[in-house]
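Novice: Need a 3D model of the following:
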Amino acid sequence: MNKTEKIWMDGSLVNWDEAKVHVLTHTLHYGMGVFEGIRCYKAENGSAIFRLKEHVKRLFDSAHIMQMVIPYTKEEIEQAIVETVRANQLANQLDECYIRPLAYIGYGEMGLYIKNRPINVSIAVWPWGVYLGENAITDGIRVKTSSYIRNHVNSNMSRGKICGYYITSQLAKKEAVDSGFDEAILLDTEGYVSEGSGENIFIIRNGVLKTTPLTSILEGITRDSIITIAHDEGIPVMEEKFTRDELYISDEAFFTGTAAELTPIREADYRQIGSGKRGKLTEKIQSIFFNTVYGKVDYYKHWLTYV
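Specialist: Residues are numbered from 1 along each chain as shown. Model (predicted):
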């Protein structure tokens with residue numbers, strides 16, 4: 001990781017190497033914390049954070065689901081994120097970055113049930129390039145169906161972006177990479193395609209864009225952006241369950257997410273997807289998406305918060 005200069009912690013900017021927590025921090029032991037992944041791009045008129053308000057709202061929604069009370073308003077967290085990006089721009093010439101807000105239960109008590117839940121908040125930013133490999137955006141990636149499944153909706157609540165939920169994602173990702181693939185696909189408890197280890201998934205068949213409904217998956221903000229773009233372009237969109245074999249015979253497929261952005265899938269479980277390379281419709285949507293985050297599409301400029 002390329003460290004930057006400052007991290008925001010509970011209202012103050014501290015030096016990167018001094019941003020520390022106690023070893024008995026509750027979330028470190030039990031996994032109850034909420035976080036976001038946000039990107040800031042070097043847009044035409046300066047650095048711009050993509051869909052900041054939506055990400056901060058989801059952070060607060062996740063905390064609400066977990067009965068965690070964040071001791072700041074949404075507006076204060078939004079401003080803190082902008083402040084943190086600005087501080088690191090000045091110190092590190094950081095025109096683009098990944099942003100990680102985290103709300104966690106701090107030091108004070110131990111055990112599964114605690115009366116006092118001190119909620120701490122940190123915001124870190126750092127440079128993070130193409131998440132799934134330098135050529136992934138253009139050439140696509142190879143994926144493997146995991147032996148691990150996405151948690152049942154009554155086991156873990158899928159609307160929350162919760163720290164502990166990502167244990168399954170880590171296991172699935174490691175299994176896929178150790179087997180020679182780039183990423184994993186997790187099925188839901190009924191056997192339908194759910195999502196990647198940290199991404200939503202789309203397939204294209206006969207000109208129709210299809211994605212998993214909001215049941216077992218995280219309500220992705222990039223996912224929502226792609227659905228909006230597709231609707232505006234007159235591309236039919238369906239949110240419905242689909243199986244592994246429908247993925248295999250799809251014309252095109254891709255992942256979406258803040259880290260993954262829009263990454264084509266060229267192969268799944270040793271089956272070539274479509275032509276085995278980025279498809280034309282994927283490329284069209286991808287082009288509009290990247291033009292949007294770089295401030296080149298007037299219609300979507302309301303999604304950008306300039307720093």
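Novice: so what's residue 162 bridging to?
Specialist: According to DSSP bridges, the partner residues bridging residue 162 are residue 34.
Novice: Quick check: it touching residue 62?
Specialist: Yes. Using C-beta atoms under 8 Å, residue 162 is in contact with residue 62, at 6.3 Å. For glycine as for every other residue, the C-beta is placed from the backbone atoms N, C-alpha and C.
Novice: which residues do those two both contact?
Specialist: Shared contacts of residue 162 and residue 62 (C-beta atoms under 8 Å, 6 or more residues apart in numbering): residue 34.
Novice: and the longest helix for the chain?
Specialist: In terms of residue count, the longest helix belonging to the chain (DSSP state H) is helix 74-92.
Novice: Make sure I have this right: residue 266 is in a helix.
Specialist: No. Under DSSP: H, G, I helix; E, B strand; the rest coil, residue 266 falls outside any helix and is assigned strand.
Novice: residue contacts, the residue lying closest to it once chain neighbours are set aside?
Specialist: Spatial nearest neighbour of residue 266, chain neighbours left out: residue 140 (3.3 Å); criterion: C-beta to C-beta, 6 or more residues apart in numbering. The neighbours of residue 140, taking C-beta under 8 Å, 6+ apart as the test, are 254, 263, 264, 265, 266, 267, 273, 276, 277, 278.
Novice: could you say what helices and strands the helix or strand that contains the second one packs with?
Specialist: Using DSSP states H and E, residue 263 sits within strand 261-268. Of the remaining helices and strands, those touching strand 261-268 by 3 or more C-beta pairs under 8 Å, 6 or more residues apart in numbering; DSSP states H and E are helix 136-139, strand 141-149, helix 221-232, helix 244-248, strand 252-257, helix 280-293.
Novice: Pull the residues that contact it.
Specialist: Residues from elsewhere that reach strand 261-268 (C-beta under 8 Å, 6+ apart): 39, 130-132, 136-145, 185, 199, 201, 222, 226, 244, 247-248, 252-256, 272-273, 276-279, 282, 285-286, 289-290.
Novice: same question, stretch 210-228
Specialist: For stretch 210-228, using C-beta under 8 Å, 6+ apart, the contacting residues are 51, 54-55, 58, 150-153, 158-159, 161, 188-189, 192-195, 199-204, 209, 237-242, 256-258, 260-262, 285, 289, 292, 303.
Novice: One more: stretch 184-200?
Specialist: Surrounding stretch 184-200, the residues in contact under the criterion C-beta under 8 Å, 6+ apart are 143-146, 148-150, 152, 166, 168-170, 172-173, 175-176, 183, 201, 211-212, 215-218, 220, 222-223, 241-244, 246-247, 255-257, 259-260, 263, 268.
Novice: can we see that at 7 Å?
Specialist: Contact with stretch 184-200 is made by 143-146, 148-150, 152, 169, 172-173, 175-176, 183, 201, 211-212, 216-217, 220, 223, 241-244, 247, 255-257, 259-260, 268, as judged by C-beta atoms under 7 Å, 6 or more residues apart in numbering.
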